[in-house]
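K.L.:
what's the 3D shape of this:
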Amino acid sequence: MGSATEKIIATKKSSAAKKYAPGPKSKALGDQLIAMNRDPLSFLLKVAREYRDIATFKLGPQRTFLLSKPELVEDVLVANDWNFVK
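P.N.:
Reported below is the predicted structural model:
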């Protein structure tokens, strides 16, 4: 694991559960998916403002990462594209 993004996004194995970047927590099943469908721009701006450079949240069964810093986006899409599913 070389890049800063890999270190931030990478999950760490622990005896209890995997660790991810911080992000909004679901209060009810699918509430983030509903918010995203209702107003995607508002939802993503709110998450980016609250959690800054990187956030993770679930949209249904899919874990999603939001990268708000251009350097991190470049790292995922260009420099280390083979390490990430997009």
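K.L.:
identify the residues contacting the most centrally placed residue in the chain.
P.N.:
Nearest residue to the geometric centre of the chain (CA atoms, centre = their mean): residue 65, 1.7 Å. When contacts are counted by CB atoms under 8 Å, 6 or more residues apart in numbering, residue 65 touches 9, 21, 54-56. Backbone N, C-alpha and C define where each C-beta goes, glycine included.
K.L.:
go again with 6 Å.
P.N.:
Contact analysis of residue 65 by CB atoms under 6 Å, 6 or more residues apart in numbering lists residue 56.
K.L.:
let's verify it: helix, strand, or coil?
P.N.:
At residue 65, secondary structure determined by DSSP: H, G, I helix; E, B strand; the rest coil is strand.
K.L.:
tell me the bridge partners for it.
P.N.:
Judged by DSSP bridges, the bridge partners of residue 65 are residue 56.
K.L.:
pretty sure residue 33 is in a helix, no?
P.N.:
Yes: judged by three-state DSSP, residue 33 forms part of a helix.
K.L.:
so who does it touch?
P.N.:
Residue 33 sits in contact with 59-60, where contact means CB under 6 Å, 6+ apart.
K.L.:
could you rerun that using 8 Å?
P.N.:
58-60.
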